[in-house]
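K.L.:
What follows is a predicted structure for the sequence shown.
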Amino acid sequence: MTQAVPGPGPQAPRGDGAADVVCIASWNVDLVSRVPRPPARGETLMADAFDISPGGKGSNAAVACARQGAHVALVARIGDDDFGRMGLALWGGEGISARHVVTAPGERSGVAQIFIYPDGDNSIAVAPGAGAGLAAADVEAASATIAAARVVIASCEVPFEATLAAFRIARAHGVRTLFNPAPARALPAGLLALADVVTPNETELLALAGLEDGASPDAAAQALLARGVGAVVATLGSAGCRLWSADGAGHAVPGWRMASVADTVGAGDTFTGALAAALARGEPLPAAMACANAAAALSVTAHGATTGMPTLASTRTLLATRPSA
């Protein structure tokens with residue numbers, strides 16, 4: 001069943017230069033070590049390789065979104081350091097507007113320390129740095145850009161006061177809101193009610209609903225819908241993704257079996273960014289889910305959060321290999 005996500009209907013491509021998607025973004029530099037297994041407490045492991053690459057859930061989603069053809073703008077706060085300048089260079093190269101990115105003098109940019117294991121799975125510790133200071137006032141300074149957008153994205157890596165401010169502005173102007181509740185944290189009252197679409201993984205879905213591992217995803221999704229979420233799109237890794245919506249419509253998209261998996265870093269962010277881009281193009285939610293699912297599958301075939309993020313053309317090429325249901 002085809003069901004459009006709550007919010008504005010299909011719209012023609014923009015010719016006014018405004019952003020289709022605004023990301024209330026975290027920026028971290030990923031410090032990536034490839035290790036044979038998770039280290040035990042107090043243990044030192046020898047890494048097989050080390051790399052420094054761009055990261056942060058908000059920045060990652062913005063890059064994925066831009067590669068899917070959307071005009072993207074960031075609202076973010078970075079340090080006045082080499083890592084901050086690395087972010088500005090990345091966004092410039094991807095055609096992402098950084099007009100609303102604040103550079104904080106004397107502060108460090110965020111970092112994420114990542115362990116990647118031989119099967120491609122990973123563990124991550126994030127120190128947000130200057131991003132922890134992103135405030136409602138920074139968002140309000142970008143209110144005109146948010147009001148003119150089609151989708152606004154946020155995650156749990158930015159301060160909730162910034163997300164609440166952005167979603168309230170979006171709601172006031174009929175802009176669709178997309179919330180990626182990662183990493184899983186307790187949420188402030190009222191945030192979920194401002195979210196048109198929430199994109200948790202299975203663990204985050206249960207945590208948001210206050211349920212323990214092994215509980216029913218259906219029960220968890222229904223709990224979120226009861227708290228005012230317009231639609232829940234749960235990412236299920238290689239199993240694909242699934243939709244629950246406030247009007248009772250559901251939909252499932254099967255996963256992809258990729259010939260090789262380099263790592264899964266950034267796959268969830270790729271899904272979120274590609275979903276936002278598809279919604280900004282006016283695609284109904286099931287079609288947007290299929291596009292996001294394919295983009296996320298392609299992203300795991302290369303190392304690093306952004307390296308494997310595909311273009312819209314390559315995503316559509318993969319989608320064309322699957323017969324229509």
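P.N.:
Sure thing, it's come through. Numbering: from 1, shown residues only.

K.L.:
Need the residues that contact stretch 204-212.
P.N.:
The contact list for stretch 204-212 (Cβ atoms under 8 Å, 6 or more residues apart in numbering) reads 181-184, 187, 192, 198, 200, 213, 215, 217, 219-221, 223-224, 232, 234. For glycine as for every other residue, the C-beta is placed from the backbone atoms N, C-alpha and C.

K.L.:
Apply 7 Å and report the result again.
P.N.:
Residues outside stretch 204-212 that contact it (Cβ atoms under 7 Å, 6 or more residues apart in numbering): 181-182, 184, 200, 213, 215, 217, 219-221, 223-224, 234.

K.L.:
Any stretches of the protein with poor pLDDT?
P.N.:
Across the chain, the ranges flagged by pLDDT under 70 are 1-17, 264, 323-325.

K.L.:
In the contacts of stretch 204-212, find the pair that's most separated.
P.N.:
A182 and A219 (20.4 Å; Cβ to Cβ).

K.L.:
Have a look at the two and say which one is more surrounded.
P.N.:
Taking other Cβ atoms under 10 Å, A182 and A219 do not tie; A182 has more neighbours (19 against 12).

K.L.:
wait, is the more buried one part of a strand?
P.N.:
No. Counting by DSSP: H, G, I helix; E, B strand; the rest coil, A182 is not part of a strand but coil.

K.L.:
the strands in the stretch 151-300 of the chain, which residues?
P.N.:
In the stretch 151-300 of the chain, the segments counted as strands under DSSP state E, counting those that start in this stretch are 151-155, 176-180, 197-198, 231-235, 241-245, 250-253.

K.L.:
ok, back up a step: kindly indicate which of the contacts of stretch 204-212 lies nearest A132.
P.N.:
Closest to A132, out of all of those and judged by Cβ to Cβ, is A182, at 16.5 Å.

K.L.:
Surely the closest one is in contact with G268?
P.N.:
Yes. Counting by Cβ atoms under 7 Å, G268 is a contact partner of A182 at 6.4 Å.

K.L.:
and which of the contacts of stretch 204-212 is nearest D82?
P.N.:
A182 (26.6 Å).

K.L.:
ok, back up a step: just the buried members of the contacts of stretch 204-212?
P.N.:
P181, A182, P200, P217, A220, A221, A223, L224, A234 (16 or more other Cβ atoms under 10 Å).

K.L.:
so how far is I96 from the fourth one?
P.N.:
To tie it back to what came earlier, the one meant is P217. 33 Å (Cβ to Cβ, to the nearest Å).

K.L.:
swap in the third one?
P.N.:
P200 is 25 Å from I96, where distance means Cβ to Cβ.

K.L.:
can you check the first one too?
P.N.:
With distances taken as Cβ to Cβ, P181 is found 23 Å from I96.

K.L.:
Distance to A19 for the contacts of stretch 204-212 - can I get that in JSON lines?
P.N.:
As requested, the contacts of stretch 204-212 are exported to JSON lines (distance: Cβ to Cβ, whole Å):
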{"residue": "P181", "distance to A19": "23"}
{"residue": "A182", "distance to A19": "23"}
{"residue": "A184", "distance to A19": "28"}
{"residue": "P200", "distance to A19": "25"}
{"residue": "D213", "distance to A19": "38"}
{"residue": "A215", "distance to A19": "38"}
{"residue": "P217", "distance to A19": "33"}
{"residue": "A219", "distance to A19": "37"}
{"residue": "A220", "distance to A19": "32"}
{"residue": "A221", "distance to A19": "30"}
{"residue": "A223", "distance to A19": "33"}
{"residue": "L224", "distance to A19": "28"}
{"residue": "A234", "distance to A19": "27"}
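
K.L.:
Can you give the contact residues for stretch 169-186?
P.N.:
5, 7-8, 57, 143, 146-147, 149-156, 167, 194-200, 203-204, 207-208, 268, 272, 275-276, 279.

K.L.:
Tell me the one of the buried ones among the contacts of stretch 204-212 nearest A302?
P.N.:
The closest of the buried ones among the contacts of stretch 204-212 to A302 turns out to be A182 (Cβ to Cβ; 20.9 Å).

K.L.:
Tell me how many other residues surround the spatially closest residue to N122 that is not a sequence neighbour.
P.N.:
Excluding its sequence neighbours, the residue lying closest to N122 (Cβ to Cβ, 6 or more residues apart in numbering) is I116, at 4.8 Å. Neighbourhood size, I116 [other Cβ under 10 Å]: 24.

K.L.:
Right, I'll leave it there.
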